[in-house]
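>>> Attaching a predicted model along with its sequence, questions to come.
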Amino acid sequence: MSYTRLPQSVFSAVSHISIWGRIGAAFVVAAVTVAVLLAPGTALAFEGSELVPAEQGQHFQIEDNTSGDPEANLPYLFAVFIITWGLFFGYVIYMTLKQRRMQAEIEALSAAMHEKIGTDS
Amino acid sequence: MAQASPATRRSSPKGRRSRAVMDVLLVASAALMAVTLYLVFFWVPTEATLGVSQRILYFHVPLGLLGMISIVVVTFASVMYLWKKDKKWDDLAHTSAEFGVIFATLIIVTGAVWSKPTFGVWWTWDPKLTTTLILWFIYVAYLMLRAYGPQGIQQARYAAVIALMGAVDAFIIYISTWLWRTAHPEILIGPLAESDSLESRMATTLLIAMVTFVVLFIYILMERYSLKRSESQLDELHQIASVRL
């Protein structure tokens, strides 16, 4: 079995199970995955619950802005601003490119159909 | 029944109405964004301990809200597809899942950037952060299935099931700060939120920022959904053309 055929064969095997069976299996897999990934954090949280004040979190402490300069963290705010809008604009560019590609396909299809109609008549 | 071509659909009365609504939403989101930026950078007070980095809240929380809305839309559309077997629901789910990935990415990245000046670390295996990362993986898997999995009805069904897994995880994310004692701040929106958790000007700014991002989300969702429907119809035209030409 080649590497590229593997996903298709997995999908074929799953297709014999009913849709409710697949939904059930998916929920079980999701629950187990979530439980395994959360187990260490949960254990740590319970272990340290009597030692660390709740308002300071379990694994780290809030660092006070001891410099007294309220603008000390400005680069972080700027980074969030740039990342958010950069990703939004990136997505808009992706949509625009997709629309252009589709327009080109429509034109090619339209030209092929006109050519076919011309040949038939 | 033959479906209208993308060009015909755009010039139909319904298509023109949708276009008009999208234009209004675009103008509204631009105006609201200007107001939000003014409020965030010039009006809202600076938090004493965290300084200006606390203003990341006005991006991070609305993005979290949009992430949750995306998941609700994906889940609803996926259930409707499994029930009705109508391709338009599948198109809506696929469109919204793309937004799910974008917003989950932004939530994780903006959260990490906020975490560094606040807690001194970029990342920790906190339950809320971990479940959000799991959600990101689920939706990346969803898009990978769309790109590389089987085509047609089979793909739509598998995708719908993955979307439902994402919905379960999204619910766990929402209640995680209530279920576990985490370092992540408490819930600010929704039924589990505590009242008076924010100063009044901060709450007002956050509310306006959320409205702004929701309007922008509706606009982009409508644009992308329209494009997705056109793609689906173009695929059908290709299939018809390949038989006839």
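Arrived safely.
>>> Where does pLDDT dip in the chain?
Picked chain A for this. Residue ranges of chain A with pLDDT under 70: A:1-16, A:19, A:26, A:30-31, A:33-72, A:120-121.
>>> you looked at the wrong chain, it should be chain B
For chain B, the ranges with pLDDT under 70 are B:1-11, B:182-183, B:185-198, B:244-245.
>>> now the helices for it?
Listed in chain order, the helices of chain B (DSSP state H) span B:6-11, B:13-38, B:57-84, B:87-119, B:127-148, B:153-179, B:200-244.
>>> Output the ones you listed in CSV, with distance to A:Thr84 and mean neighbour count appended to each entry.
To be clear about C-beta, it is placed using only N, CA and C from the backbone, and glycine gets the same treatment. Listed next are the helices of chain B as CSV, based on distance: least, CB to CB, whole Å; neighbours: other CB atoms under 10 Å in any protein chain shown:
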stretch, distance to A:Thr84, mean neighbour count
helix B:6-11, 30, 15
helix B:13-38, 11, 14
helix B:57-84, 5, 21
helix B:87-119, 6, 22
helix B:127-148, 16, 20
helix B:153-179, 20, 20
helix B:200-244, 10, 17
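>>> will you turn those into TSV that also has distance to chain A?
Below are these laid out as TSV (distance: least, CB to the nearest CB, whole Å):
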stretch	distance to chain A
helix B:6-11	7
helix B:13-38	9
helix B:57-84	5
helix B:87-119	4
helix B:127-148	5
helix B:153-179	4
helix B:200-244	6
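>>> now these in CSV, with distance to A:Thr119?
Supplementary listing: those in CSV, determined by distance: least, CB to CB, whole Å:
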stretch, distance to A:Thr119
helix B:6-11, 23
helix B:13-38, 32
helix B:57-84, 40
helix B:87-119, 33
helix B:127-148, 36
helix B:153-179, 35
helix B:200-244, 12
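>>> closest to A:Asn73 out of those?
Ranking the helices of chain B by proximity to A:Asn73 (CB to CB) places helix B:87-119 first, at 4.3 Å.
>>> now the closest one against helix B:200-244, angle please.
Orientation check (axes from the mean of the first three to the mean of the last three CA atoms, to 10 degrees): helix B:87-119 against helix B:200-244 gives 140 degrees.
>>> Go through the helices of chain B and name the closest to A:Ser18.
So among the helices of chain B, helix B:153-179 is nearest, using CB to CB, at 11.2 Å.
>>> Could you tell me which helix of chain A is the longest one?
As assigned by DSSP H, the longest helix anywhere in chain A is helix A:74-120.
>>> Mind giving me the packing neighbours of that one?
Applying 3 or more CB pairs under 8 Å, 6 or more residues apart in numbering or on different chains; DSSP states H and E, we find helix A:74-120 packed against helix B:6-11, helix B:57-84, helix B:87-119, helix B:200-244.
>>> where does B:Trp125 fall, phi/psi-wise?
phi -80, psi 60 (degrees, to the nearest 10).
>>> again but with B:Trp123, I slipped
Note on B:Trp123: backbone dihedrals following degrees, to the nearest 10 are phi -150, psi 150.
>>> Contact partners for it?
By CB atoms under 8 Å, 6 or more residues apart in numbering or on different chains, B:Trp123 lies in contact with B:112, B:115, B:129.
>>> contacting residues for the second one?
Under the criterion of CB under 8 Å, 6+ apart, the contact partners of B:Ser115 comprise B:121-124.
>>> swap the cut-off to 10 Å and go again
A:60, A:76, B:53, B:56, B:121-124, B:126, B:129, B:183-184 (CB atoms under 10 Å, 6 or more residues apart in numbering or on different chains).
>>> go on, the first one?
Contacts for B:Ala112 (CB under 10 Å, 6+ apart) come out as A:79-80, B:121-124, B:129.
>>> Scan the residues you listed and report the most crowded one.
Tallying neighbours with other CB atoms under 10 Å in any protein chain shown puts A:Val80 at the head of the contacts of B:Ala112, with 25 neighbours.
>>> that older thread, so for A:Ala111, which of the helices of chain B sits nearest?
The closest of the helices of chain B to A:Ala111 is helix B:200-244. By CB to CB, the value is 11.1 Å.
>>> Can you give the distance from the closest one to the centre of its chain?
10 Å (CA atoms, centre = their mean, to the nearest Å).
>>> which secondary structure elements does it contact?
Judged by 3 or more CB pairs under 10 Å, 6 or more residues apart in numbering or on different chains; DSSP states H and E, helix B:200-244 is in contact with helix A:74-120, helix B:6-11, helix B:13-38, helix B:57-84, helix B:87-119.
>>> Give the other helices and strands that the fourth one contacts.
What it means is helix B:57-84. Using 3+ CB pairs under 10 Å, 6+ apart, the elements in contact with helix B:57-84 are helix A:74-120, helix B:13-38, helix B:87-119, helix B:127-148, helix B:153-179, helix B:200-244.
>>> tell me the angle it makes with helix B:127-148.
Going by the same axes, to 10 degrees, helix B:57-84 makes 50 degrees with helix B:127-148.
>>> wouldn't B:Asp126 be in contact with B:Trp180 here?
Yes: with contact defined as CB atoms under 10 Å, B:Asp126 counts as touching B:Trp180 (8.5 Å).
>>> Which one's more surrounded, the two?
Shown here are B:Asp126 and B:Trp180; by other CB under 10 Å, B:Asp126 has more neighbours (26 against 19).
>>> State the distance from the more buried one to B:Leu179.
12 Å (CB to CB, to the nearest Å).
>>> ditto for B:Phe103
Using CB to CB, B:Phe103 is found at 22 Å from B:Leu179.
>>> Same question for B:Asp90.
B:Asp90 sits 33 Å away from B:Leu179, taking CB to CB as the criterion.
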